[in-house]
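Trainee: Coordinates for the following, if possible.
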Amino acid sequence: MARLDPAAARRGPSPETTRLRLSRNVTATWWYTVSAVIFLEVMVVLTWAAALIEAGRPSTAVLTVVAGGLAWVASTVPLLLFYRHRGDEGTWARWQRLLLPLAIAALVGAVCGAISGVWIVGVLPLVQSMLLLNWPAGLRLRMVVAATLLLGAVCFIDARSAFAADPDVNWWLVAFFSTFLPVMSVLSLWWWDVLITLDLARASEARLAATQERLRVATDVHDLQGHHLQVIALQLELAERLMANDPDAALEQLRAARGSVDEARQGTRDLATRFRSVPLVDEIANAADLLAAAGLSVSTSVGEKADTAPAAVLGPIIRETTTNVLRHGGGGWARLALTRDAAGWHYRIENDADAVARDVDGAGLDGIARRVDDANGNLDIVHEDGEFSLAVHLPAAERDR
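Mentor: Below is the predicted model:
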């Protein structure tokens, strides 16, 4: 069994591992990129065959170029797959896997170029395959420029020699696709690199946000516990000094220390509750599931950006009002809504159970009223025509206006 290195676990995944993981998460885009490159290569092979047919070349030469061209296209697939999984490796890090595709490209170029008598058919396969390797960005750009100039010159030579006697052949189409195939292929790979870079940046941002959140939690815990522990230590030290001369005063300090312990415990509980709070969208969904499980027909309405609402106030209210409906029961339907307008946030729960009205003066609604009042909001309770509704209106924070 492999052993886990604790230091490596603390450091987290390496950039290369993260890059490969991200590349697996965008498989559809990758296959779109591969399909685009292969489609361009097949189009070049077909334009070669069409030009040779128009020029009246033997059918054996045309078939050889088509078969050889398709074999070359197939040989570029391993190069593209290597490009995808290259990580931060150098161009020739796995040269054993690159030799066969490059050898196929060179062989296809030599055979098809000789049989067809067209220089571009002999040169392009190897040039294209070389440009699909993992070259550094600056070197790749220089190679693309050099390859484009080279292929353009070869096409010019073919136009003056191989197809000079056939003015009706659409040689300009062959020249265009053949000359700019490397440029179009590298642009596709560049787009893939941009996508991976963006995903890598997004993952780094997420890790940074998580780290900042952990630091914030650690700071809050340190401030809370550090303060209370310091106070408790002082109270116990004072009690120890007073124990011999003034036992009553010492006992008072011990009681104060015990109160400080209770405050620290409650503060820790409140801190944990704050960080474990459920998003309001999930609160509404959970409430609807509970009411539906109790046999009610439930409808919900949640406005945009509901998770930006004051969850510390509305979360307990949603849970308490849902409990009220479940406690009294007897209804057939319930409606929950959380909306936002210029004035602030509005939460409303309605149902058709008359029994809910009996809890108007109960402790549950009193607690809701206190929470709403502390948040400078308004609470409206209406019971009429056999229906009960509770509406909470909270003003928008200054930063949200």
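Trainee: Mind giving me the packing neighbours of the longest helix along the chain?
Mentor: In the chain, ranked by residue count with DSSP state H as the criterion, the top helix is helix 171-242. Taking 3 or more C-beta pairs under 8 Å, 6 or more residues apart in numbering; DSSP states H and E as the contact definition, the neighbouring helices and strands of helix 171-242 are helix 15-24, helix 27-54, helix 119-131, helix 137-160, helix 247-275. Just so you know, the C-beta spots here come from the backbone N, C-alpha and C atoms, and that holds for glycine as well.
Trainee: any chance of those helices in TSV, with distance to residue 174 and mean pLDDT too?
Mentor: Shown next, in TSV, are these (distance: least, C-beta to C-beta, whole Å; pLDDT from 0 to 100):
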stretch	distance to residue 174	mean pLDDT
helix 15-24	35	46
helix 27-54	5	86
helix 119-131	7	89
helix 137-160	7	86
helix 247-275	66	81
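Trainee: Just the angle for the longest helix of the chain relative to helix 247-275, thanks.
Mentor: Angle of helix 171-242 versus helix 247-275, following axes from the mean of the first three to the mean of the last three C-alpha atoms, to 10 degrees, is 170 degrees.
Trainee: taking the mean pLDDT, what do you get for helix 171-242?
Mentor: Along helix 171-242, the predicted confidence averages to a pLDDT of 80.
Trainee: follow-up on the earlier one: which of the helices and strands packed on helix 171-242 is buried the deepest?
Mentor: The highest average neighbour count among those, using mean count of other C-beta atoms under 10 Å, belongs to helix 119-131 at a mean of 24.
Trainee: Extract the CA atoms of that one and return them as PDB.
Mentor: As requested, the backbone C-alpha atoms of helix 119-131 are provided in PDB (Å, rounded to 0.1, in the frame of the first residue of the first chain):
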ATOM      1  CA  TRP A 119       6.200  19.300 -53.800                       C
ATOM      2  CA  ILE A 120       3.600  20.500 -51.300                       C
ATOM      3  CA  VAL A 121       2.300  16.900 -50.900                       C
ATOM      4  CA  GLY A 122       5.800  15.800 -49.900                       C
ATOM      5  CA  VAL A 123       6.600  18.700 -47.500                       C
ATOM      6  CA  LEU A 124       3.400  19.500 -45.700                       C
ATOM      7  CA  PRO A 125       2.800  16.200 -43.700                       C
ATOM      8  CA  LEU A 126       6.100  16.400 -41.800                       C
ATOM      9  CA  VAL A 127       5.800  20.200 -41.300                       C
ATOM     10  CA  GLN A 128       2.300  19.900 -39.900                       C
ATOM     11  CA  SER A 129       3.200  17.000 -37.600                       C
ATOM     12  CA  MET A 130       6.300  18.900 -36.200                       C
ATOM     13  CA  LEU A 131       4.100  21.900 -35.400                       C
END
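Trainee: residues making contact with it?
Mentor: Residues outside helix 119-131 that contact it (C-beta atoms under 8 Å, 6 or more residues apart in numbering): 41, 44, 48, 65, 69, 72, 75-76, 79, 101-102, 105-106, 108-110, 112-114, 140, 143-144, 147, 150-151, 154-155, 157-158, 161-162, 174-175, 178, 181-182, 185-186.
Trainee: what about 6 Å?
Mentor: By C-beta atoms under 6 Å, 6 or more residues apart in numbering, the surrounding residues in contact with helix 119-131 are 48, 72, 76, 102, 105-106, 108-109, 112-113, 147, 154-155, 157-158, 178, 181-182.
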